[in-house]
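J.: Any chance you can model this:
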Amino acid sequence: MSFKFSILASGSTGNAIYLETEKQRLLVDAGLSGKKIESSLKQIGVSPGELDGILVSHEHSDHIKGVGILSRRYQLPIYANEKTWNAMEKSIGSIPSDLRFHAERGKSWSFEDLAVESFGVSHDAADPMFFTFYHAGKQLMILTDTGYVSDHMAGMAKEADTLIFESNHDMDMLRMGKYPWSVKRRILGDEGHVSNADAGTALADIVKDRRMNVYLAHLSLDNNMKDLARMTVEQTLNQHDIDTQAAVRLQDTDPHQPTPLRIV
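T.: Coordinates of the predicted model:
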């Protein structure tokens, strides 16, 4: 029995994650064009017509850009909470009633052999949430788009086998960068995004003695770099005596290229 995934895209320009079990093939978010998501799926050997649905975390464009077109083109059900539906309806276009489903924050449900638990995050959206997925004794958790990592989020993450975790920006790059102060303040706030340094601190508490694959995700195109994010997180973990060669394995994500299809 296998539980597979690929991070099709991750970053400030668009996000989409593919999950596969024996009976289900789902997207979590579709924040690129329909054409780009189709291309990314084909790169990992998946036909878009094989998808069973799209689960939406929140209404920001880098998470919903391709939701409407994919749903209409392949008759895919969309799952989102009520406030997110209200916030994204104008952006994704008309969706037939038989493809509209509610999946509320803080609830658990299942897609045949894939169980899902949703949880709230601290982000400037209508009702943002992310997910932990369970299949065949394995857990995959997605935790991005949050201004901080609460005790509840960290507690849930401690049981994951694979963790897709936000490491959005380098503090110095953001402060010295070209963004207006209003945008910088939003990113740095409690409803913004987790920095590399804060990601390392949070992961030091989450990982401890557990073996885990951690994908550093949602990197800012303007205020971060893969090597810098990985180095910052790795240094913090090493300072807490966490072995980053064996215990926790840090992996990169990319805004344009999907990760290989891997088992959780």
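J.: need the helices for the stretch 1-150 of the chain, in chain order.
T.: Along the stretch 1-150 of the chain, the stretches classed as helices by DSSP state H, counting those that start in this stretch are 34-43, 61-64, 67-74, 82-92.
J.: tell me how far the longest one is from the chain's mean position?
T.: Relative to its chain's centre, helix 82-92 lies at 19 Å (Cα atoms, centre = their mean, to the nearest Å).
J.: tell me what it is packed against?
T.: Where contact means 3 or more Cβ pairs under 8 Å, 6 or more residues apart in numbering; DSSP states H and E, helix 82-92 is packed against helix 61-64, helix 67-74, strand 100-102. Every C-beta, even on glycine, is put in place using the N, C-alpha and C of the backbone.
J.: tell me which residues in it are buried?
T.: By 16 or more other Cβ atoms under 10 Å, the buried positions in helix 82-92 come out as 83-85, 87-88, 92.
J.: Output the below-cut-off pLDDT ranges for this structure.
T.: In the predicted model, the chain carries pLDDT under 70 at residues 1.
J.: Just the strands from the stretch 101-250 of the chain, written as ranges.
T.: 108-111, 114-120, 129-135, 138-143, 162-166, 212-217, 248-251 (DSSP state E, counting those that start in this stretch).
J.: which residues sit against the third one?
T.: Applying Cβ atoms under 8 Å, 6 or more residues apart in numbering, the external contacts of strand 129-135 come out as 1, 3, 19, 21, 28, 55, 57-58, 81, 105-106, 113-121, 139-146, 156, 160, 264.
J.: Please pick the buried ones from the residues you listed.
T.: Buried among the contacts of strand 129-135 (16+ other Cβ under 10 Å): 3, 19, 21, 28, 55, 57-58, 81, 105, 114, 116-121, 139-146, 156, 160, 264.
J.: how much space between S110 and V116?
T.: From S110 across to V116, the span is 7 Å (Cβ to Cβ, to the nearest Å).
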